[in-house]
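Undergrad: Quick one: sequence plus predicted model below, questions after.
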Amino acid sequence: MDPLTEKPERIAFIAYNIGVYESIQKFASLIVSGKINENLDTNRIAQLLSETLTFYDAELISQL
């Protein structure tokens, strides 16, 4: 995939899907590790998600 010949919409679509995949992975890892359970409020869940390390970062996505 040559970024100079790809349509911006295609690159945006790929980046969006990477973000969705990563969000699901982060959420699932917190559930499996027991950090998220039925007793947590949404603010605490949001805090845990924001503190979870990500594999894909802005630099990686910008290189698509």
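TA: Arrived safely.

Undergrad: can you give me the helices for this protein?
TA: Under the criterion DSSP state H, the chain contains helices at 8-32, 42-51, 58-62.

Undergrad: Mind putting those helices into a markdown table with mean pLDDT and mean neighbour count?
TA: (Glycine included, C-beta is placed from N, CA and C.) Below are these laid out as a markdown table (pLDDT from 0 to 100; neighbours: other Cβ atoms under 10 Å):
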| stretch | mean pLDDT | mean neighbour count |
| --- | --- | --- |
| helix 8-32 | 84 | 13 |
| helix 42-51 | 87 | 11 |
| helix 58-62 | 65 | 11 |
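
Undergrad: What are the neighbouring residues in contact with residue 30?
TA: Each residue near residue 30 by Cβ atoms under 8 Å, 6 or more residues apart in numbering is listed here: 36, 45, 48-49, 52.

Undergrad: what's the closest of these to residue 19?
TA: The closest of the contacts of residue 30 to residue 19 turns out to be residue 49 (Cβ to Cβ; 12.6 Å).

Undergrad: Next up, the contacts around that closest one.
TA: Shown in contact with residue 49 (Cβ under 8 Å, 6+ apart): 23, 26-27, 30.

Undergrad: can you rerun that using 10 Å?
TA: Residue 49 makes contact with 23, 26-27, 30, 36 under the criterion Cβ atoms under 10 Å, 6 or more residues apart in numbering.

Undergrad: Next, work out how far apart it and residue 10 are.
TA: 28 Å (Cβ to Cβ, to the nearest Å).

Undergrad: And residue 19, by the same measure?
TA: Computed with Cβ to Cβ, the distance linking residue 19 and residue 10 is 15 Å.

Undergrad: ditto for residue 43
TA: 36 Å.

Undergrad: Right, I'll leave it there.
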